[in-house]
Each structure stands twice: as C-alpha cells, then as structure tokens.
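A.B. asks: generate a structure from the sequence data that follows.
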Amino acid sequence: MMPQQPHALVSAWRRGQAGWPTGFVIVQVPNAPLLVALAGSVVAGVTEGRTAGSAEATGRLALGVFAYLRLTHGANWLRRALGAAVAVWLVVKLGDDLR
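C.D. replies: Purely as a prediction, here's the structure:
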C-alpha cells in the first residue's frame, strides 16, 4: 500500500499550477520543462567538460519546449509574450554560440 500525500501539499501544488491571480495569470509554479532547464543550468554550472555541455544542451532544449508551450498554450498575452521573449533569447544565444 502506497502512502498518501498530505492533502495540503496536493492542494498547494494544484493552486500553484493554476497561477495567480486567477483572472490574469502572472505567477505560476514552474512546469516540468522549466524545472529541467533550471536543473540543466545548475549542473552545467558546477561541472566541466562533456557533462557540462550535455547539461547545458539539455537545459536549452527544455527551455525551448517551455517557450513553445508558453507561445502556444499561454493563459494570456503576457504569458505568450514571455514565451516569445524566451524563444528570441534562445535564438540569439544559438547565434552567439555558432560564431
């Protein structure tokens, strides 16, 4: 039998996924792609060589997924603009890396 999660924790997670304020979402708990991007950035920052490169690539790919999801499924114009800004930043970073 699996232990059940505390009701308060589940409730807080669901409220965080819905965002705040409810009428015009500005703040939201990070979704899975954003968490993967943050983890990739941290791992890239504390490691070297292939591990750092792989972590950075994974983080940027996850950030691209985040940007795509914000652009296509953003709750409002502000969230979609955030996706567009992240997408533009990724393209600029890629251009700098290819120089």
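
A.B. asks: which non-adjacent residue is nearest residue 30?
C.D. replies: residue 38 (7.1 Å; CB to CB, 6 or more residues apart in numbering). All C-beta atoms are positioned from the backbone trio N, CA, C, and that covers glycine.

A.B. asks: how many neighbours does the one you found have?
C.D. replies: The local packing of residue 38 (other CB atoms under 10 Å) involves 14 other residues.

A.B. asks: going forward, count from 462.
C.D. replies: Got it, the first residue is 462 from now on, which makes the last one we talked about residue 499.

A.B. asks: in three-state terms, label the closest residue to residue 536 other than its chain neighbours for me.
C.D. replies: With sequence-adjacent residues excluded and distances taken as CB to CB, 6+ apart, residue 536 is closest to residue 486, at 4.3 Å. Assigned with DSSP: H, G, I helix; E, B strand; the rest coil, residue 486 falls in the coil class.

A.B. asks: quick check: longest helix of this structure.
C.D. replies: In the chain, with assignment by DSSP state H, the single longest helix is helix 510-534.

A.B. asks: in it, what's buried?
C.D. replies: 516-517, 519-521, 523-528, 530-532 (16 or more other CB atoms under 10 Å).

A.B. asks: now the element after that helix, going C-ward?
C.D. replies: Where DSSP states H and E defines the elements, the next helix or strand beyond helix 510-534 is helix 538-559.

A.B. asks: buried residues in that next one?
C.D. replies: Result for helix 538-559 [16+ other CB under 10 Å]: buried residues 540, 543, 544, 547, 548, 551.

A.B. asks: JSON lines for those residues, including pLDDT and distance to residue 476?
C.D. replies: Formatted as JSON lines, those follow (pLDDT from 0 to 100; distance: CB to CB, whole Å):
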{"residue": "540", "pLDDT": "94", "distance to residue 476": "17"}
{"residue": "543", "pLDDT": "96", "distance to residue 476": "20"}
{"residue": "544", "pLDDT": "97", "distance to residue 476": "22"}
{"residue": "547", "pLDDT": "98", "distance to residue 476": "24"}
{"residue": "548", "pLDDT": "98", "distance to residue 476": "28"}
{"residue": "551", "pLDDT": "98", "distance to residue 476": "30"}
